[in-house]
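Novice: give me the fold of what follows.
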Amino acid sequence: MTDISQNTVADALPDSWVYRLLPKKIWPFAQMGRWERPIGWRLLMWPCWWSLMMAVATPYVEFTERLVTPQFGNPLTVSIWHVLHLMAIFLIGAFAMRGAGCTYNDLVDEDIDAKVARTRSRPLPSGRITRKQALVFLILQLLVGLGVLLQFNWYAIGVGFASVITILVYPFMKRITYWPQIFLGLAFSWGAFMGWWGIYGYAPQVYSILWVPPLLIYFGCMAWVIGYDTIYAHQDIEDDVLAGVKSTARLFQERTKPMLVGFYSTAIVLFGAAFYYLGLAWPAWIGLAAGAGHMICQLTTLDIKDPANCLARFKSNSHFGWLIFTGLAATALLNL
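Specialist: The predicted structure is shown next:
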């Protein structure tokens, strides 16, 4: 246990599978990719899974148990197996791209991380990884992400490549604006397009619904991301002041809860607008109502002065993801 404690990051989980299953020399790379903290890739994955399930839950898709793969120009008959395949590659892609994003972020923020108590033990500022090693690790993760992306149709591939701009820009925003969370939202919400176009990219003839539903989910996800990352940022607010890092947590301060009510309410309204636009059945609405209830509980128990409380409320957003996903998945199964 002593050996582990001397080689972990301050806010990492000491009992992670990383330290039980991986060789010690791999630990710094796993920490840089945040492998021992699954909340990040889960939050990146949820918009992908939501929009995918929303796509197959619509009246425009025939959802079948047969082994059918949609083809360009044909009626959209989508099999369970195709959807499960997409879910699996979204999971792999979210894991790889979250790790790549964190590695890139660490390369950009090495000087800032060295000034913040929670992050100065990360592999780069602590000297356990060189910048050259980090760059190689970044390239390897990006290659995994590329391999995942190339399994989609050409429409989804084009949309996926466009997300690179949001990833490149985000780390620099905390130096420029008190709203870096907006740029994180731009990047972390991109799956709202990927899941939808992963299905509807096979049917370019139905342009009338190609953009409105994923845009509603995308902007709803952005509001959600701004909300939960504001909670996360409250952990470091004192160190951020000293390091000159800007955030919505510093901007809102005591007004954080009212602002979070606004962002979370916006997310629920936009999700509901997408469901209404598509005429989704009742399970989707039950999932949305449960998600709204979860957000209310999250905000009523939030203590922005307690870093441990903030971290717990931030992590609980994965439960919100499950609630929305379950409602959409149940709606999709009604199409069988």
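Novice: tell me which element the residue nearest to the spatial centre of the chain is part of?
Specialist: In the chain, the residue lying closest to the centroid (Cα atoms, centre = their mean) is residue 44, at 1.7 Å. Using DSSP states H and E, residue 44 falls within helix 39-56.
Novice: quickly find the element holding the closest residue to the residue nearest to the centre of the chain other than its chain neighbours.
Specialist: Distance criterion Cβ to Cβ, 6 or more residues apart in numbering; nearest residue to residue 44, sequence neighbours excluded, is residue 94 at 4.4 Å. Quick note: C-beta positions are derived from backbone N, CA and C, even for glycine. Assigned by DSSP H and E, residue 94 falls within helix 80-108.
Novice: show me what that helix is packed against.
Specialist: helix 27-32, helix 39-56, strand 62-64, helix 131-149, helix 164-173, helix 191-200 (3 or more Cβ pairs under 8 Å, 6 or more residues apart in numbering; DSSP states H and E).
Novice: mind listing what the residue nearest to the centre of the chain touches?
Specialist: Residue 44 is in contact with 94, 97-98, 188, 191, counting by Cβ atoms under 8 Å, 6 or more residues apart in numbering.
Novice: tell me which two of the residues you listed sit farthest apart.
Specialist: 98 and 191 (11.2 Å; Cβ to Cβ).
Novice: which one of those two has more residues nearby?
Specialist: Under the criterion of other Cβ atoms under 10 Å, the comparison of residue 98 against residue 191 puts residue 191 first, with 30 against 25.
Novice: my guess is that one contacts residue 43. True?
Specialist: No: the criterion here is Cβ atoms under 8 Å, and residue 191 misses it with residue 43 at 9.9 Å.
Novice: quick one: pLDDT of the residue lying closest to residue 36 once chain neighbours are set aside?
Specialist: Distances taken as Cβ to Cβ, 6+ apart place residue 16 nearest to residue 36, at 3.5 Å, with adjacent residues excluded. If you check residue 16, the pLDDT there is 80.
Novice: the residue nearest to residue 44: what's it in contact with?
Specialist: Going by Cβ under 8 Å, 6+ apart, residue 94 touches 41-42, 44-45, 48, 191.
Novice: wasn't residue 122 part of a strand?
Specialist: No: under DSSP: H, G, I helix; E, B strand; the rest coil, residue 122 falls outside any strand and is assigned coil.
Novice: state the number of residues packed around it.
Specialist: Residue 122 has 25 neighbours, counted by other Cβ under 10 Å.
Novice: Three-state assignment for residue 115, please.
Specialist: coil.
Novice: now the closest residue to residue 52 other than its chain neighbours: how far from residue 20?
Specialist: Once flanking residues are discounted, residue 52 sits nearest to residue 195: 3.4 Å by Cβ to Cβ, 6+ apart. Separation of residue 195 from residue 20 (Cβ to Cβ, to the nearest Å): 33 Å.
Novice: again, but for residue 248
Specialist: Distance, residue 248 to residue 20, by Cβ to Cβ: 36 Å.
Novice: so which of the two has more stuff around it?
Specialist: residue 248 (24 against 8).
Novice: contact partners for the more buried one?
Specialist: 178-181, 226, 229-230, 233, 259.
Novice: confirm residue 78 sits in a helix?
Specialist: No: counting by three-state DSSP, residue 78 is not part of a helix but strand.
Novice: I figured it hits residue 56, correct?
Specialist: Yes: in this structure residue 78 lies within contact range of residue 56 using Cβ under 8 Å: 5.6 Å.
Novice: shared neighbours, the two?
Specialist: In contact with both residue 78 and residue 56: 63, 199, using Cβ under 8 Å, 6+ apart.
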